[in-house]
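# next one to model:
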Amino acid sequence: MSGGNYYVPDSSRYPIFAATSLFFLVMGAGGTINGTDNGTTVLYLGFICMTLTMFFWFRTVVQEHLAGLDSAQLKKSYVFGMAWFIFSEVMFFAAFFGALFYVRTFAVPWLAGEGEKGAPIEFVQEMGVDFWTGFENTWPVIATPDNGSEYEIADKTMAFPGWSNVLAWLPLWNTIILLSSSVTVHFAHLGLKNGSRKSFNRWLGATVGLAVIFLGLQAAEYYEAYAHYGLTLNSGIYGSTFFMLTGFHGFHVFLGCCMLSVMLVRSVFFNHFETHDHFGFEAASWYWHFVDVVWLFLFAAIYIWGS
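Reported below is the predicted structural model:
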């Protein structure tokens, strides 16, 4: 309904659909990881439901916007909503980086008997505890301290390989590609603000292309880690943190790529976005810059600090 200068959206079923889809996604992901029956089926069901919900929900929002129903206050709510969403993502990754910092700075030295909370091996053995004899404070830890048979010991990590092999180091190229994509999406924004749709489409297309290349190199890196280095999720705390952080970041890159692709399709085929009104694209570009900044922290923490 509309009245005066303020637009109140009609009631919607999309929030409950999204919540239900997210429930199936989480349950399916947990079931798939733990190898439960029908876990993968539930995961795919949740993914399909979430994709359809987001498609119809955002289509409704776009239609309302094109109909001129958005008030200044509603547009401001979009800005605040996107800002809070990105802030929540910052906290999400901060938790992961904090866990990595805690493990490397405190937990591993303590297990090796170092620091004020580290118990000497002799004392622990006198207490009748089966301690990890010979465990030392080194990083990266690519095997469990007791070298349990259910875990896989990696031959090599993905950390900085030295200057002689730097040009063959995939994370370096991924960093260059992702930083370049931040520049291209900025040029796309400038083109749109200057009224050049051709420039906007060209630079935005280049950004999407760089995102696809990044994801391809990430997949190649995972293959190299598994097939050639023996580095898996079961390869000690380093393997767990490596795949957790890079995997979640890669998923966010995939989401950002999808968002920018939708913006590109809207511009090329439907001539959406005006020089003075294009927050849909701005929100996607904010998210993309956020993904780029997270990668810089990840690159320093996993690949450089982990060497």
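# going by C-alpha atoms from here, please, whenever you check contacts or count neighbours.
Fine.
# could you measure from the residue nearest in space to the middle of the chain over to M259?
The C-alpha lying nearest the average C-alpha coordinate of the chain belongs to H249 (CA atoms, centre = their mean; 2.3 Å). Applying CA to CA, to the nearest Å, the value for H249 to M259 is 15 Å.
# on that earlier part again, state the distance from the residue nearest to the centre of the chain to F56.
According to CA to CA, H249 and F56 sit 26 Å apart.
# swap in A29?
For A29, the distance to F56 - CA to CA - is 24 Å.
# looking at those two, which is more packed in?
A29 (19 against 12; other CA atoms under 10 Å).
# helices or strands up against the longest helix along the chain?
In the chain, taking DSSP state H as the definition, the longest helix is helix 236-270. Counting contacts by 3 or more CA pairs under 8 Å, 6 or more residues apart in numbering; DSSP states H and E, helix 236-270 is packed against helix 197-224, helix 279-298.
# list the buried residues for the first one?
What that stands for is helix 197-224. Residues of helix 197-224 classed as buried by neighbour count (16 or more other CA atoms under 10 Å): 197, 199-208, 210-211, 214-215, 217-218, 221-222.
# name the helices or strands packed onto that helix?
In terms of contacts (3+ CA pairs under 8 Å, 6+ apart), helix 197-224 is packed against helix 170-193, helix 236-270.
# mind giving me the domain ranges of this protein?
Domain assignment of the chain by automatic domain parsing yields the ranges 1-68, 141-304.
# what score does E150 have for pLDDT?
Model confidence at E150, given as pLDDT, is 55.
# apologies, that question was intended for G134.
Per-residue confidence (pLDDT) for G134: 66.
# also the one 4 residues further on?
According to the per-residue confidence, T138 scores 78 in pLDDT.
# before we move on, what about V8?
Reported pLDDT for V8: 65.
# again with V265
The confidence metric pLDDT takes the value 95 at V265.
# what's the answer for the one 10 residues further on, then?
With respect to pLDDT, T275 has a value of 87.
# thinking again about what came up before, what's the most buried one of the domains of the chain?
Most buried of these by mean neighbour count (mean count of other CA atoms under 10 Å) is domain 141-304; its value is a mean of 18.
# would a markdown table of the helices and strands packed on helix 197-224 with distance to V103 be doable?
Below are these laid out as a markdown table (distance: least, CA to CA, whole Å):
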| stretch | distance to V103 |
| --- | --- |
| helix 170-193 | 23 |
| helix 236-270 | 8 |
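# wait, which of those helices is closest to Y14?
Y14 lies closest, by CA to CA, to one member of the helices and strands packed on helix 197-224: helix 236-270, at 18.8 Å.
# specify the angle between the closest one and helix 170-193 in degrees.
30 degrees (axes from the mean of the first three to the mean of the last three CA atoms, to 10 degrees).
# off-centre distance for helix 236-270?
Helix 236-270 sits 6 Å away from the centroid of its parent chain (CA atoms, centre = their mean, to the nearest Å).
# now stretch 33-44
Centroid displacement of stretch 33-44 relative to its chain, using CA atoms, centre = their mean, is 22 Å.
# so which elements touch the helix or strand hosting A95?
Assigned by DSSP states H and E, A95 belongs to helix 72-102. Packing contacts for helix 72-102, counted by 3+ CA pairs under 8 Å, 6+ apart, involve helix 279-298.
# check what contacts the helix it packs on and list those residues.
Residues outside helix 279-298 that contact it (CA atoms under 8 Å, 6 or more residues apart in numbering): 79, 82, 86, 93, 175, 178-179, 182, 185-186, 189, 245-246, 249, 252-253, 256, 259-260, 263, 273.
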